[in-house]
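Engineer: next comes the sequence, and after it the predicted model I'd like to discuss.
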Amino acid sequence: MEVILGLSQLELSLLISATRLETFYVQETFNFNMVYEVYTSLVSRARTHTSVTAPGVPTVVSGGSTRFWGKDVAFRSWERLGEIGLWTYAGRGEGRWRFVRCEIGMQELWGICEKRKLINSSMRGWFRESI
């Protein structure tokens with residue numbers, strides 16, 4: 001799918017989140033709010049990690065190169081993914097609550113992203129957790 005090559009990091013992040021819902025959470029249909037919740041969780045985990053600085057004392061250390069986008073910006077990117085055919089309507093709900101079906105699978109998306117080097121190391125981990 002050559003259309004994947006032109007996606008922004010946010011659009012790729014949302015698409016990965018959608019395929020995780022489909023694969024990891026066994027959701028055949030889902031809405032933007034569900035995808036955004038997965039996206040928020042993934043970015044939060046990528047931006048912080050736990051490091052043990054003293055025996056048994058965990059410390060949260062900032063890190064990661066994945067930017068967190070607000071819900072309004074993310075929704076506009078989500079709509080663009082629908083406009084280019086990466087998801088289709090499943091017939092229920094409106095706006096952010098409209099249920100959709102992803103038109104690309106996680107394995108296929110992973111293959112394209114890896115082959116074309118489209119994702120950073122944090123995003124690569126999002127696939128590894130699910131495949």
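Structural biologist: That came in fine, so what should we check first?
Engineer: from here on, contacts and neighbour counts on C-alpha atoms
Structural biologist: Fine.
Engineer: next, the residue nearest the centre of the chain: phi, psi?
Structural biologist: Centroid-nearest residue in the chain, with CA atoms, centre = their mean: residue 17, separated by 2.8 Å. Residue 17 adopts backbone torsions of phi -60, psi -40, taken as degrees, to the nearest 10.
Engineer: quick one: contacts for it?
Structural biologist: 35-36, 38-39 (CA atoms under 8 Å, 6 or more residues apart in numbering).
Engineer: residue 104: which of those is nearest?
Structural biologist: Nearest to residue 104 among those: residue 35, at 14.6 Å, using CA to CA.
Engineer: quick check, that closest one in contact with residue 19.
Structural biologist: No. Contact criterion CA atoms under 8 Å: residue 35 and residue 19 do not qualify, at 9.0 Å.
Engineer: can you map out the strands along the protein?
Structural biologist: 48-54, 57-62, 87-89, 100-102 (DSSP state E).
Engineer: once you drop chain neighbours, what's closest to residue 96?
Structural biologist: Using CA to CA, 6 or more residues apart in numbering and skipping the chain neighbours, the partner closest in space to residue 96 is residue 32 (5.1 Å).
Engineer: just give the number of residues close to that neighbour.
Structural biologist: 21 (other CA atoms under 10 Å).
Engineer: ok, back up a step: worst average pLDDT in the strands of the chain?
Structural biologist: For the strands of the chain, the stretch scoring lowest in mean pLDDT is strand 57-62; its value is a mean of 44.
Engineer: where helices are concerned, which of the contacts of residue 17 count?
Structural biologist: 35-36, 38-39 (DSSP state H).
Engineer: count of neighbours near residue 117?
Structural biologist: 11.
Engineer: relative to residue 78, how far out is it?
Structural biologist: Per CA to CA, to the nearest Å, residue 117 is found 22 Å from residue 78.
Engineer: where does this structure have low pLDDT?
Structural biologist: By pLDDT under 70, the weakly predicted segments of the chain are 1, 48-65, 130-131.
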